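1. pasted the sequence and its predicted model underneath.
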Amino acid sequence: MKIVKVERLIDAGSFSESREWRNIRNQIGQAIQSIEWPPGSGSFTLYPQSGKKRGQGSGVKPIKNSCMKRLKALGWILEQPFDIATLQKPGKMDACYPVGDRYFAVEWETGNVSSSHRAINKMALGILKEILVGGILILPTRDMYQFLTDRIGNFPELEPYFPLWRSIQVDEGLLEIMAIEHDAVSDSVPRIPKGTNGRALT
């Protein structure tokens, strides 16, 4: 799997120039690029079937789980809850890494575009409250999402809102959206199972 584009929405203070950030960025890149389909193939190839119809297209949760498994092996904490919202808990972070007395968070999109907005807003709020030092939302490009579960959140649908998130003022923090994509398509590979069942990605 490859990283196609990274959009930086918040870059305040010196964190983006730190050794901690370089280490975090390298680990995230390593985890994404290690995802293979089929397992053992050395690349990430999708079956070219639209996910618009029920039972068609490839699942997204096994792809996310593969990345999270690699991050955990690198010392990340999975499914960590944070007290970010006062009246309603915004849910757990998919993965986080301690940086001093704060954390860096990673969210991997498996829901629709509304879920993508919640994920990025949750990380932005965590930065504002000085609980997080930064965060990245990982989601597919338009070319990739057409082969996945229908209406999965994707990079182009969030682009119109980039100016809103860029307007957030903080003293220290880093917030990015990362677009990922398959290496190839082929009708000789199986579809990735939907849900968490089936053969795991490596």
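-> Thanks, I have it. Numbering: from 1, shown residues only.
2. could you pull out the helices for this protein?
-> Counting by DSSP state H, the chain has helices at residues 19-33, 61-73, 113-128, 142-145, 155-158, 162-166.
3. residue contacts, the closest residue to Ile192 other than its chain neighbours?
-> Once flanking residues are discounted, Ile192 sits nearest to Ser58: 3.8 Å by Cβ to Cβ, 6 or more residues apart in numbering. Backbone N, C-alpha and C define where each C-beta goes, glycine included. The contact partners of Ser58, by Cβ atoms under 8 Å, 6 or more residues apart in numbering, come to Leu46, Tyr47, Gln49, Gly51, Phe147, Leu148, Thr149, Arg191, Ile192, Lys194.
4. contacting residues for the second one?
-> Put plainly, it is Tyr47. So Tyr47 contacts Ser58, Phe147, Val185, Ser186, Asp187, Val189, Pro190, Arg191, Ile192 (Cβ under 8 Å, 6+ apart).
5. put the alpha carbons of stretch 65-84 into CSV.
-> Provided in CSV are the C-alpha atoms of stretch 65-84 (Å, rounded to 0.1, in the frame of the first residue of the first chain):
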residue,chain,number,x,y,z
ASN,A,65,-6.7,-4.0,11.6
SER,A,66,-3.5,-4.9,9.8
CYS,A,67,-2.1,-1.3,10.2
MET,A,68,-3.1,-1.3,13.9
LYS,A,69,-1.5,-4.6,14.5
ARG,A,70,1.8,-3.3,13.1
LEU,A,71,1.6,0.0,15.2
LYS,A,72,0.9,-2.0,18.3
ALA,A,73,4.1,-4.0,17.7
LEU,A,74,5.9,-0.7,17.5
GLY,A,75,4.7,0.3,20.9
TRP,A,76,1.5,2.2,20.1
ILE,A,77,-1.6,1.9,22.4
LEU,A,78,-4.8,0.8,20.7
GLU,A,79,-8.4,1.9,21.4
GLN,A,80,-7.4,4.5,24.0
PRO,A,81,-10.2,6.5,25.5
PHE,A,82,-9.7,10.3,26.1
ASP,A,83,-11.8,12.8,28.0
ILE,A,84,-12.0,15.2,25.2
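6. buried stuff in that stretch?
-> Buried residues in stretch 65-84, counting neighbours by 16 or more other Cβ atoms under 10 Å, are found at Asn65, Ser66, Cys67, Met68, Lys69, Arg70, Leu71, Trp76, Phe82, Ile84.
7. now render the residues you listed as JSON lines, adding distance to Pro38 and pLDDT.
-> Written out in JSON lines, the entries for those read as follows (distance: Cβ to Cβ, whole Å; pLDDT from 0 to 100):
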{"residue": "Asn65", "distance to Pro38": "16", "pLDDT": "92"}
{"residue": "Ser66", "distance to Pro38": "12", "pLDDT": "93"}
{"residue": "Cys67", "distance to Pro38": "17", "pLDDT": "95"}
{"residue": "Met68", "distance to Pro38": "20", "pLDDT": "96"}
{"residue": "Lys69", "distance to Pro38": "17", "pLDDT": "95"}
{"residue": "Arg70", "distance to Pro38": "17", "pLDDT": "96"}
{"residue": "Leu71", "distance to Pro38": "22", "pLDDT": "97"}
{"residue": "Trp76", "distance to Pro38": "26", "pLDDT": "98"}
{"residue": "Phe82", "distance to Pro38": "36", "pLDDT": "85"}
{"residue": "Ile84", "distance to Pro38": "38", "pLDDT": "79"}
